[in-house]
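Asks: this one's sequence-less:
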């Protein structure tokens, strides 16, 4: 019975950032703008000779997304403000070399797998067998190990249908890759619609019991990439509970109320309003880096996850997902050593991530929703980002 779960870098040849606007000659749409389009261009070559491409998706109404086949990375995402002025609102790098050499820490825009977030001591037991993963985050394993999905070149297929354009990405992870069991076949489809919605659909199957947790790790700054910190941007998270962590950022197993704590975003708060409060959990992560348990009526149901507004530009980001949790990360470890697409150094708080996902360390936490995937089952999850301005 099929079950649906809701659940060492080498040198490269660099690739200059190429401006990719709506292709010349694009047909006008019936409602103003131009018709949605998708185009492809080379982005660089890895040391082993593998070619990397960049796809540009436009919706004809001011939203433009650039996606790399390397890591399935969302490199740029341009949206208009209340006056129609477009700006890139995600953090990223200019060249393929920067992504290979520098993105192992921030994971800007990347697809994360096989297991997003942390697994305690890099170890879990499944069907009586213990698996030891690479340790790459203090004493724990983070975001799939040393060479997770963020480092893989995905096979790409552009798709046009109706009023949207899409890019389907496929990657097969071999049994034992990064010490995970089972051959995992993964498909991620990015779809951009004329209504300002950017949708990410995840699908995976396995030939052996394994654990799976997939997400996208984009950092947002609704004022525009490289414009400074996001502390004044107002966040609401549809979660009455969250999972506190130990000092190594592994969940304690408890699911506790946010009420009366700096983690209460059930009503909008500026991201920086309470970030320096004397709260033990904020001290552990040097800010927010925690999993929020979404107020989901039924597992796997599309649910509002978060809403962010930026007062100056009027930009609004609304996120919905079928996943049970969202990891809110306030860019605490950006330290000024990374220079982004606009030529500005990224410092602490210059972007935030809202990673829709299953909970951290679920393979070791029997009280959390299961991330086990077995042959004959499918992992299916979707997240929708809606962009607007007022």
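Replies: Here it is on my side, so go on. For clarity, every value in this text was computed on a predicted model and none was experimentally measured.
Asks: which element, helix or strand, includes residue 266?
Replies: Residue 266 belongs to no helix or strand when elements are defined using DSSP states H and E.
Asks: got a pLDDT number for residue 22?
Replies: On pLDDT, residue 22 comes in at 31.
Asks: for residue 161, same thing?
Replies: If you check residue 161, the pLDDT there is 85.
Asks: just residue 350 next, same as before
Replies: For residue 350, the model assigns a pLDDT of 98.
Asks: what's the local residue count around it?
Replies: 24 (other Cβ atoms under 10 Å). All C-beta spots, glycine's among them, are computed from the backbone N, C-alpha and C.
Asks: you'd agree it is up against residue 332?
Replies: No - here residue 350 does not reach residue 332: they are 10.7 Å apart, not a contact under Cβ atoms under 8 Å.
Asks: what distance do you get for the closest residue to residue 258 other than its chain neighbours to residue 68?
Replies: Of all residues not flanking residue 258 in the chain, residue 264 sits nearest, at 4.2 Å (Cβ to Cβ, 6 or more residues apart in numbering). Distance, residue 264 to residue 68, using Cβ to Cβ, to the nearest Å: 37 Å.
Asks: okay, the two: which has more neighbours?
Replies: residue 68 (26 against 16).
Asks: ok, what's across the strand from the more buried one?
Replies: For residue 68, the beta-bridge partners are residue 54 (DSSP bridges).
Asks: any idea how far residue 217 is from it?
Replies: According to Cβ to Cβ, residue 68 stands 13 Å off from residue 217.
Asks: so what's residue 248 up against?
Replies: Contact analysis of residue 248 by Cβ atoms under 8 Å, 6 or more residues apart in numbering lists 120, 138, 139, 140.
Asks: again, only using 6 Å
Replies: Applying Cβ atoms under 6 Å, 6 or more residues apart in numbering, we find residue 248 in contact with 138, 139, 140.
Asks: likewise for residue 246?
Replies: By Cβ under 6 Å, 6+ apart, the contact set of residue 246 is residue 252.
Asks: how close does the residue nearest to residue 258 get to residue 277?
Replies: Taking Cβ to Cβ, one finds residue 264 at 11 Å from residue 277.
Asks: follow-up on the earlier one: mind checking the SS state of the residue nearest to residue 258?
Replies: coil (DSSP: H, G, I helix; E, B strand; the rest coil).
Asks: give me the element residue 170 is part of.
Replies: In the assignment (DSSP H and E), residue 170 maps to strand 164-173.
Asks: angle of the helix or strand just after that strand against strand 164-173?
Replies: Counting by DSSP H and E, the next helix or strand C-terminal to strand 164-173 is strand 184-193. Counting by axes from the mean of the first three to the mean of the last three Cα atoms, to 10 degrees, strand 184-193 points 170 degrees away from the direction of strand 164-173.
Asks: against which helices or strands is strand 184-193 packed?
Replies: Counting contacts by 3 or more Cβ pairs under 6 Å, 6 or more residues apart in numbering; DSSP states H and E, strand 184-193 packs against strand 164-173, strand 197-206.
Asks: would you mind giving these as TSV with mean pLDDT added?
Replies: Converted to TSV, the helices and strands packed on strand 184-193 look like this (pLDDT from 0 to 100):
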stretch	mean pLDDT
strand 164-173	98
strand 197-206	98
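Asks: now the angle from the longest strand seen in the chain to strand 184-193?
Replies: When the chain is parsed with DSSP state E, its longest strand is strand 378-389. Between the axes of strand 378-389 and strand 184-193, defined by the same axes, to 10 degrees, the angle is 20 degrees.
Asks: mind checking the pLDDT average for strand 378-389?
Replies: Averaging pLDDT along strand 378-389 gives 98.
Asks: in its sheet, what does that strand sit against?
Replies: Applying DSSP bridges, strand 378-389 is found paired with strand 4-5 (parallel), strand 197-206 (antiparallel), strand 315-321 (antiparallel).
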